[in-house]
Each structure stands twice: as structure tokens, then as C-alpha cells.
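Novice: dropping the sequence and predicted coords here.
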Amino acid sequence: MKYEIVIPEFAEGAEEINLRQWLVALGSTVKKGDNIAEAATDKISIYIEAPADGILLTHLSAEGDRVLVGQIIGEIEG
């Protein structure tokens, strides 16, 4: 089963954030709750967590991309 990695709501009224870096390489095994990416605004940094156990299949957004809350940035095969 595929699971989508989605940018969560991180601050009231915030709509977008910069994807700073992927912390996990494609093809790597992850556990639900692992930090797999870091994103930041001018004021805060957040970690994006794996939504499920599995293998990181795709990066749909690249480091440095500006991404929207709710946007799918990758997929995990569980």
C-alpha cells in the first residue's frame, strides 16, 4: 500500500513553507514517525514525519522548493 507524505499545518494562517532538505534517501526503510524531511519559514523549522512504516519511494518535491500546506511531497510503500 502507498502512503502519501503531506505537508502538515504548522502555524495558524500559514499556507506555504520551504522544503529545506530530505533527511532520508530514496529506497531507505522508514518507521512511522521518523523525521524524513525538514522544512522552514523565516521564523520556524519543522520536521515532516513518515506517515507509515515502509520504503521511501518518491520525492515529488525537491530541496529548496516552496510547498503548500496539504501538498503531497513524496510517497512511502508500506
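Specialist: That came through, no problem.
Novice: tell me which element the residue of the chain positioned farthest from its centre is part of?
Specialist: In terms of distance from the mean C-alpha position of the chain, residue 13 ranks first, at 19.2 Å (CA atoms, centre = their mean). Of the helices and strands defined by DSSP states H and E, none includes residue 13.
Novice: now do the same contact list for it.
Specialist: Applying CB atoms under 8 Å, 6 or more residues apart in numbering to residue 13 gives no contacts. Every residue, glycine included, has its C-beta placed from N, CA and C.
Novice: give me the distance between it and residue 69.
Specialist: Look at residue 13 and residue 69: by CB to CB, to the nearest Å, they are 10 Å apart.
Novice: and what of residue 50?
Specialist: Between residue 50 and residue 69 the distance is 18 Å, computed by CB to CB.
Novice: okay, these two: which has more neighbours?
Specialist: A count of neighbours by other CB atoms under 10 Å puts residue 50 above the other of residue 50 and residue 69, at 22 against 14.
Novice: surely that one meets residue 34?
Specialist: Yes - judged on CB atoms under 8 Å, residue 50 makes contact with residue 34 at a distance of 4.6 Å.
Novice: find residues that contact each of the two.
Specialist: Residues touching both residue 50 and residue 34 by CB under 8 Å, 6+ apart: residue 24.
Novice: please identify which helix or strand holds the residue nearest the centre of the chain.
Specialist: Residue closest to the mean C-alpha point of the chain, counted by CA atoms, centre = their mean, is residue 48 at 4.3 Å. Per DSSP H and E, residue 48 falls inside strand 45-49.
Novice: helices or strands next to that strand in the packing?
Specialist: Applying 3 or more CB pairs under 8 Å, 6 or more residues apart in numbering; DSSP states H and E, we find strand 45-49 packed against strand 35-40.
Novice: no further queries at this time; thank you.
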